[in-house]
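Asks: quick one, what's the 3D model for this:
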Amino acid sequence: MNYVVPIAIGSVAFVLLLGLANMLRNGSPNRSQTLMRWRVILQFIAIILIMTAIWLKGG
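Replies: Numbering: from 1, shown residues only. So this is what the prediction gives:
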C-alpha cells in the first residue's frame, strides 16, 4: 500500500494537469470533459485506496 497511494494521487494530478493544459490551449471541449470525468473517477479510487491504507494500518 505504500506505493499504491502515491501512484493514485500522482495519476489524479497528471490527469488534472492534462485537462488544464487542454483548456488553456483552447483544445477540444469534448477532450476536456473526458479528462475531467477521468479525474473524478481517479479521485474516487484514490480516496478508497487512502481509506483502505489507513484502515489496514490500524488507523
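
Asks: all contacts plus neighbour counts: C-alpha atoms, from now on.
Replies: Will do.

Asks: nearest the geometric middle of this structure, what residue?
Replies: For the chain, the residue nearest the mean C-alpha position is residue 12 (1.9 Å; CA atoms, centre = their mean).

Asks: give the buried residues for the helix or strand harbouring it.
Replies: Applying DSSP states H and E as the criterion places residue 12 in helix 4-24. By neighbour count, with 16 or more other CA atoms under 10 Å as the criterion, the buried positions of helix 4-24 are 5, 8, 9, 11, 12, 15, 16, 18, 19, 20, 22.

Asks: around the closest residue to the fourth one other than its chain neighbours, how many other residues sit close by?
Replies: Beyond its immediate neighbours in the sequence, the residue positioned closest to residue 11 (CA to CA, 6 or more residues apart in numbering) is residue 42, lying 7.3 Å away. Burial of residue 42 is recorded as 19 neighbouring residues (other CA atoms under 10 Å).

Asks: what sits against residue 42?
Replies: The contact partners of residue 42, taken as CA atoms under 8 Å, 6 or more residues apart in numbering, are 8, 11, 12.

Asks: dump those to TSV, plus distance to residue 1 and pLDDT.
Replies: Listed next are the contacts of residue 42 as TSV, based on distance: CA to CA, whole Å; pLDDT from 0 to 100:
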residue	distance to residue 1	pLDDT
8	11	93
11	15	96
12	17	96
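
Asks: done for today, thanks.
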